[in-house]
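Undergrad: Make a model of this:
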Amino acid sequence: MSDDPHDHERSRRALRAEALEALLVEKGLLDATAVDEIVRHYEQDVGPMNGARVVARAWVDPAYRERLLADGAKAVAELGFGGAQTEHLVVLENSQAVHNVVVCSLCSCYPWGVLGLPPAWYKSPEYRARVVREPRKVLAELGLALDDSVEIRVADSSAEVRYLVLPQRPPGTESLGESELAAFVTRDCMIGVAVVSARARA
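TA: Next up, the predicted model:
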């Protein structure tokens, strides 16, 4: 586990929240399905929208892209995003030759300010251990089969640094504006376990 006292405190809060939720569900005061839907909404919709805006801006604004790659925390702050999980944010750019994927092998460090809540699989011991040893195989199991010619780089997050993947802009989107492009960008693309597909929203 991380030595960061903030990470330990977050773990304690998470355990207390889980215990409280279980008690309220048991007493019939809370619907577990409704809670799951709220969590899903923040995991997949609200939180990642911030990161999607960052990616879309980098796609349409070369000067912003350069600032983002040079100093991720400062660049995302330009768009009003930040917080305790993004002050040491490093942005990794994917290309035809290199594909980046992010993990936290020790715990579950994650840039909440731009990606929202971390998905359960990101925190799982299996993902944390296996993606470091056999990233190509893990990505294939998650639905992303990369050509053998593509170099896969695994970035290990920590309390000191967290990562955001800048995915490749999909072909055929040259005429789209920033807000339209942001709609294509998913949380998984910014972790590096998926790529952006224009067909997904066609």
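Undergrad: Let's see the pLDDT reported for Arg201.
TA: pLDDT, Arg201: 52.
Undergrad: now the strands for this protein?
TA: Secondary structure of the chain by DSSP state E: the strands cover 89-93, 98-103, 151-156, 162-166.
Undergrad: Of those strands, give the one that comes closest to Ala77.
TA: strand 89-93 (9.4 Å; C-beta to C-beta). All C-beta spots, glycine's among them, are computed from the backbone N, C-alpha and C.
Undergrad: Note down every partner strand of the closest one and its orientation.
TA: When pairs are called by DSSP bridges, strand 89-93 turns out to pair with strand 162-166 (parallel).
Undergrad: could the strands of the chain be laid out in JSON lines, adding mean neighbour count?
TA: Below are the strands of the chain laid out as JSON lines (neighbours: other C-beta atoms under 10 Å):
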{"stretch": "strand 89-93", "mean neighbour count": "20"}
{"stretch": "strand 98-103", "mean neighbour count": "22"}
{"stretch": "strand 151-156", "mean neighbour count": "15"}
{"stretch": "strand 162-166", "mean neighbour count": "25"}
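Undergrad: Adding distance to Glu21 and mean pLDDT as columns, could you present those strands in a markdown table?
TA: Output for the strands of the chain, formatted as a markdown table (distance: least, C-beta to C-beta, whole Å; pLDDT from 0 to 100):
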| stretch | distance to Glu21 | mean pLDDT |
| --- | --- | --- |
| strand 89-93 | 30 | 97 |
| strand 98-103 | 27 | 98 |
| strand 151-156 | 31 | 98 |
| strand 162-166 | 27 | 97 |
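Undergrad: Make a markdown table out of those and add distance to Gly172.
TA: Formatted as a markdown table, the strands of the chain follow (distance: least, C-beta to C-beta, whole Å):
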| stretch | distance to Gly172 |
| --- | --- |
| strand 89-93 | 20 |
| strand 98-103 | 20 |
| strand 151-156 | 25 |
| strand 162-166 | 19 |
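Undergrad: Among the ones you listed, which comes closest to Met49?
TA: Per C-beta to C-beta, nearest to Met49 of the strands of the chain: strand 162-166, 13.7 Å.
Undergrad: what angle separates the closest one from strand 98-103?
TA: Between strand 162-166 and strand 98-103, the angle comes out at 140 degrees (axes from the mean of the first three to the mean of the last three C-alpha atoms, to 10 degrees).
Undergrad: Need the residues that contact strand 162-166.
TA: Residues outside strand 162-166 that contact it (C-beta atoms under 8 Å, 6 or more residues apart in numbering) are 51, 54-55, 58, 65, 68-69, 72, 76, 85-86, 88-94, 100-102, 109-111, 114-115, 155, 157, 189-192.
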